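J.: Okay, here's the prediction I keep looking at, along with the sequence it came from:
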Amino acid sequence: MPQTLHPTEVTFEHNAFGDEFIAPVNAETFRERAYAETWQQRYAPLTYSPNHTYVVAGTDSGMLIKAFARALAEQPPALVFIEDERVIDAVAANCAAELAELPHAELMTLSQFREACENRVYDNALLTGRISALKAVCAEADHLGSYRAIDEQIHFVLHSRRWLVMSTSVRLPYLQQRLLNLPEMAVNASLLKRRFAGQTVVVMAAGPSLDDHLPWVKTHRESLIVISVSRISRRLQQTGITPDIVVTLDPHDISFEVSREGLDFTPAPVLVFSDQAVNTLVGQWSGPKIYTGTRVPWTAEDDEHRSNASTVSNLAFDVARLGEPERIILMGLDFCLDKAGHTHAQGNMERDTCVSLRTDMEEVTTYDG
């Protein structure tokens, strides 16, 4: 049954092995047992990295702090001990020398730990996966009635903060590009609804089979609406094909590098861009621009077309579907390598670099055999 304890009542007892402990916290476990034995069985086998942060629920009356100081003094990791408010002052006084020996050790209450997390103290460790939770023996026995809750809260706070940090970091490039694209968002893709009725739309992506179909597109160009992904712009210029619509989606700088030839089309096609597309391409486009998504992240207008496309090929198909044509022809949407191991059509950076040498992929039979 949990014991009551007032900070003024905290005193240390000793066992026959020289360990000091607070009776309501550890007496039942360590009155007849050496803490060194627990360290060797429970904590010594673990691998501790000096570049890692360990958040520990409880200190076993400070005995765990002293054990860390003895064993890991040469290359101590970052240690954050979370202690019960009723005993933290006594533990801090009893372990003052050891805490001074551990340059990256901290002793704090749960509320102080929450505040540190909210102040982004551990965000970098969370982002890089260099933070873990441990617990003292007292967090399992929990004779004081608080350590189990402390341990649970440590896991909850770390999990919640990790989710926030990861989601924010992953989403940051997308948010940045959305805000940079704001001046370009005058016309939404909803304008294209039913604009292709009765016509044939060709959607062209960067798969290696694209090269086989370019002569046919060039022959029938006048009777087709051509929608291409931005990264094949160089290849289309090499074959003398100017698309009606170029589509771009990716927020990263590499998207501009593989698509920059699209700026050389004359006359410039319509650019349909995701609200998060890289602004260096969108901002320099000299032709008409149409956006998909929302003008600002925090609200949506009723007539805005919001595509859920996860790739630029999917977005190009979504644009074609939005226009409700009589038929849609897909080219270069291979989702596999060609027989020679190429990942992309000619004119793409990846095609110019090398073929894929992977041997761990499943072989399938396509329409081309």
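T.: Nice, I can see it.
J.: where does the closest residue in space to Ile232 that isn't next to it in sequence land on pLDDT?
T.: For Ile232, ignoring the flanking residues on the chain, the nearest one in space by Cβ to Cβ, 6 or more residues apart in numbering is Ala206 at 5.0 Å. For every residue, glycine as well, the C-beta is placed using N, CA and C. We note a pLDDT of 91 for Ala206 in this prediction.
J.: Would you mind naming the residues that bridge with the residue lying closest to Glu304 once chain neighbours are set aside?
T.: Closest residue in space to Glu304, ignoring its immediate chain neighbours: Asn188 at 4.9 Å, by Cβ to Cβ, 6+ apart. Counting by DSSP bridges, Asn188 forms beta bridges with Tyr291.
J.: Surely Asn188 is in contact with Tyr291?
T.: Yes - judged on Cβ atoms under 8 Å, Asn188 makes contact with Tyr291 at a distance of 6.0 Å.
J.: Comparing those two, which shows the higher neighbour count?
T.: Tyr291 (25 against 19; other Cβ atoms under 10 Å).
J.: Pro183 is in contact with the more buried one, correct?
T.: No - at 11.0 Å, Tyr291 does not count as touching Pro183 under the criterion of Cβ under 8 Å.
J.: can I have stretch 126-134 written out in PDB, keeping just the CAs?
T.: C-alpha atoms of stretch 126-134 as PDB (Å, rounded to 0.1, in the frame of the first residue of the first chain):
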ATOM      1  CA  LEU A 126      14.100  13.100 -30.100                       C
ATOM      2  CA  LEU A 127      14.600  14.000 -33.800                       C
ATOM      3  CA  THR A 128      17.700  11.900 -34.100                       C
ATOM      4  CA  GLY A 129      16.500   9.000 -31.900                       C
ATOM      5  CA  ARG A 130      19.100   9.600 -29.200                       C
ATOM      6  CA  ILE A 131      16.900   9.600 -26.100                       C
ATOM      7  CA  SER A 132      15.600   6.600 -24.100                       C
ATOM      8  CA  ALA A 133      13.600   6.000 -21.000                       C
ATOM      9  CA  LEU A 134      14.800   3.900 -18.100                       C
END
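J.: Give me the distance from it to the chain's centre.
T.: Centroid separation for stretch 126-134 versus its chain: 15 Å, with Cα atoms, centre = their mean, to the nearest Å.
J.: what comes up buried for it?
T.: Using 16 or more other Cβ atoms under 10 Å as the test for burial, stretch 126-134 gives 126, 130-134.
J.: ok, now stretch 61-71?
T.: When burial is assessed from 16+ other Cβ under 10 Å, stretch 61-71 yields the following buried residues: 61-69.
J.: Could you dump those into a markdown table with secondary structure added?
T.: Compiled in a markdown table, the buried residues of stretch 61-71 are given as follows (DSSP: H, G, I helix; E, B strand; the rest coil):
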| residue | secondary structure |
| --- | --- |
| Ser61 | coil |
| Gly62 | coil |
| Met63 | helix |
| Leu64 | helix |
| Ile65 | helix |
| Lys66 | helix |
| Ala67 | helix |
| Phe68 | helix |
| Ala69 | helix |
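J.: Among those, which one sits closest to Asn15?
T.: Comparing the buried residues of stretch 61-71 against Asn15 with Cβ to Cβ picks out Met63 as the nearest, at 10.2 Å.
J.: Any idea how many residues pack against the closest residue to that closest one other than its chain neighbours?
T.: In this structure, Met63 finds its nearest non-sequential neighbour in Tyr35, 4.5 Å apart by Cβ to Cβ, 6+ apart. Residues contacting Tyr35 under the criterion other Cβ under 10 Å number 23.
J.: cool, and Asn15?
T.: Counted by other Cβ under 10 Å, the residues lying close to Asn15 total 16.
J.: from what I can see it touches Glu32, true?
T.: Yes - with contact defined as Cβ under 8 Å, Asn15 reaches Glu32; the gap is 7.0 Å.
J.: Which helix or strand contains Gln75?
T.: Counting by DSSP states H and E, no helix or strand carries Gln75.
J.: What count of nearby residues applies to the closest residue in space to it that isn't next to it in sequence?
T.: Excluding the flanking residues, the one nearest Gln75 by Cβ to Cβ, 6+ apart is Pro50, at 4.7 Å. Using other Cβ under 10 Å, Pro50 is surrounded by 11 other residues.
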